[in-house]
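> model this:
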Amino acid sequence: MKQWQKIGLGWGVWMFLCMAFIWPLIDGEKITLNRILVKFIFWMLSGLVFGYLSSKYKKYKGN
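Below you'll find the model as predicted:
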């Protein structure tokens, strides 16, 4: 697994946990299996996009 994939999936897991469990508890929303599955898919894909774009930005900036 490439470094940008690890970073992206790590970010995606963190965001998934926050947005699927912590935020609904704070906001008083009901946590359902359907919402968890949709949010999991969304945040994993978003994490991969984040990791990929971060790696491209890092190369662009010359770091």
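> Which parts of the helix or strand that contains residue 24 count as buried, going by neighbours?
For residue 24, the host element (DSSP states H and E) is helix 23-27. In terms of neighbour count (16 or more other CB atoms under 10 Å), helix 23-27 has its buried residues at residue 24. (Glycine included, C-beta is placed from N, CA and C.)
> next helix or strand past it?
Sequence-wise, the next helix or strand downstream of helix 23-27 (DSSP H and E) is helix 33-61.
> Could I get the buried residue list for that following helix?
Neighbour-count burial for helix 33-61 [16+ other CB under 10 Å]: 39, 40, 43, 44, 47, 48, 50, 51, 55.
> surely the fourth one meets residue 16?
What it means is residue 44. Yes - judged on CB atoms under 8 Å, residue 44 makes contact with residue 16 at a distance of 7.2 Å.
> nearest to residue 61, of the buried residues of helix 33-61?
residue 55 (11.0 Å; CB to CB).
> how far away is the closest one from residue 6?
Remark: distance between residue 55 and residue 6 (CB to CB, to the nearest Å) = 11 Å.
> Over to residue 30?
In terms of CB to CB, residue 30 sits 33 Å off from residue 6.
> ok, these two, which is more surrounded?
For the pair residue 30 and residue 6, the greater number of neighbours falls to residue 6 (11 against 6), based on other CB atoms under 10 Å.
> State the phi and psi torsions of the more buried one.
Main-chain dihedrals, residue 6, degrees, to the nearest 10: phi -60, psi -50.
> which residues of the protein score low on pLDDT?
63 (pLDDT under 70).
> let's go with 80 and repeat that
In the predicted model, the chain carries pLDDT under 80 at residues 58-63.
> Tell me which residue is most central in it.
The central residue of the chain, meaning the one whose C-alpha is nearest the mean C-alpha position (CA atoms, centre = their mean), is residue 12 at 1.8 Å.
> doesn't residue 48 make contact with that residue?
Yes - judged on CB under 8 Å, residue 12 makes contact with residue 48 at a distance of 7.0 Å.
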